[in-house]
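Q: Return a 3D structure for these sequence lines:
(one chain, ligands or ions: 2)
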Amino acid sequence: MKEQRLTIAVPKGRIMGEAIEIWRKAGLPVPKDIEDTRKLILTTEDGAMEWILAKPMDVPTYVEYGVADLGIAGKDVLMETGREVYELLDLKISQCRLSVAGLPRVEPKGIMPRIASKYPRVAERYFREQGKQVEVIELHGSVELGPIVGLVDRIVDIVSTGQTLKENGLVEYETIADISTRLIANQVSYRMKQAAIKEIIERLKEVI
Ligand SMILES: Nc1ncnc2c1ncn2[C@@H]1O[C@H](COP(=O)(O)OP(=O)(O)OP(=O)(O)O)[C@@H](O)[C@H]1O
Ligand SMILES: O=P(O)(O)OC[C@H]1O[C@H](OP(=O)(O)OP(=O)(O)O)[C@H](O)[C@@H]1O
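A: Numbering: from 1, shown residues only. Ligands and ions are numbered 1, 2, ... in the order given. The predicted model follows:
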């Protein structure tokens, strides 16, 4: 594996813990001190892999441009960014769904209902495919606030346990997609570093 040193873009935040766990279970090297450092680039002790710690939504960007050979990204992020990367493996972690939600028993108003989302492209596409004209308003978090404060009629957001919706008096109307975390690759790296990448895939497959 030494001749084929790999760089992987890993999302900071909730996926990272689970990704580290699956990586360790597969017997793959994880940089020392990864859980308690502010450093953004870390190398494994054997020098075989470099880990770039990125914002979840930015992981496919590093991979498409080839500064990372591999990446770990939610299907939601892949759907939203539409980056040209190969999706190699479903890691089956951080499982959730992307849904349409809103206040109970309240129908969308007007000819252009408003939709709030951290996923504006996914939301646009979903309603367009349904033949519905909507105005999508991009928010960067706490999206559930949207319908409560009267900003929007509906939200498109991640639902996992449903607790956030419930505690904020919202209900789920439709599921757009089931979401889980994927291993992705740069298209050129996948060809040039095939041996090292395949070894990682095989080891991960054994523990998924
Ligand atoms: N409640 C949840 N339960 C399970 N998985 C989730 C949940 N929310 C998000 N995810 C998955 O985890 C990924 C990363 O979520 P995380 O909250 O760390 O990112 P983020 O909100 O985009 O982070 P940041 O706000 O720091 O950019 C998402 O892209 C999605 O695939
Ligand atoms: O169904 P649940 O288990 O309650 O999980 C769903 C919540 O988790 C995510 O939010 P996150 O914690 O990432 O915060 P955010 O609103 O800042 O994105 C998502 O955007 C929902 O708000």
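Q: host element of Pro60?
A: helix 59-64 (DSSP states H and E).
Q: so does the very next helix or strand once past that helix get close to ligand 2?
A: With elements assigned by DSSP H and E, the helix or strand that comes after helix 59-64 is strand 70-74. No: Strand 70-74 does not reach ligand 2 (CB under 6 Å from any ligand atom); its nearest approach is 10.6 Å. Where C-beta positions appear, they are placed from N, C-alpha and C, glycine not excepted.
Q: how far is the lengthiest helix in the chain from where the chain is centred?
A: Taking DSSP state H as the criterion, the chain has its longest helix at helix 194-207. Computed by CA atoms, centre = their mean, to the nearest Å, the chain-centroid distance of helix 194-207 equals 21 Å.
Q: so where's this structure uncertain?
A: Residues of the chain that meet the criterion pLDDT under 70 lie in 1-3.
Q: rerun at 50
A: Applying pLDDT under 50 to the chain flags residues 1-2.
Q: near ligand 1, which residues of it?
A: So far as CB under 6 Å from any ligand atom goes, the chain lies against ligand 1 at 11, 13-15, 55-57, 74, 76-77, 94, 96, 141, 158, 160, 179.
Q: Keep only those of these that are in helices.
A: Per DSSP H, the subset of the residues of the chain next to ligand 1 in helices is Arg14, Ile15, Asp76, Val77.
Q: Name all residues that make contact with the first one.
A: With contacts defined as CB atoms under 8 Å, 6 or more residues apart in numbering, Arg14 is in contact with Ser94.
Q: From Ser117, how far off is it?
A: Distance of Arg14 to Ser117, given as CB to CB, to the nearest Å: 19 Å.
Q: can you check Lys198 too?
A: For Lys198 relative to Ser117 (CB to CB), the value is 37 Å.
Q: Can I get the longest helix of the chain in PDB, CA atoms only?
A: C-alpha atoms of helix 194-207 as PDB (Å, rounded to 0.1, in the frame of the first residue of the first chain):
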ATOM      1  CA  GLN A 194      -6.900   0.800  -7.800                       C
ATOM      2  CA  ALA A 195      -5.000  -1.700  -5.800                       C
ATOM      3  CA  ALA A 196      -4.900   0.400  -2.600                       C
ATOM      4  CA  ILE A 197      -8.600   1.500  -3.000                       C
ATOM      5  CA  LYS A 198      -9.800  -2.100  -3.700                       C
ATOM      6  CA  GLU A 199      -8.000  -3.300  -0.500                       C
ATOM      7  CA  ILE A 200      -9.900  -0.700   1.500                       C
ATOM      8  CA  ILE A 201     -13.200  -1.600  -0.100                       C
ATOM      9  CA  GLU A 202     -12.700  -5.300   0.600                       C
ATOM     10  CA  ARG A 203     -11.700  -4.700   4.300                       C
ATOM     11  CA  LEU A 204     -14.700  -2.400   4.800                       C
ATOM     12  CA  LYS A 205     -17.100  -4.900   3.200                       C
ATOM     13  CA  GLU A 206     -16.200  -7.500   5.800                       C
ATOM     14  CA  VAL A 207     -17.400  -5.300   8.700                       C
END
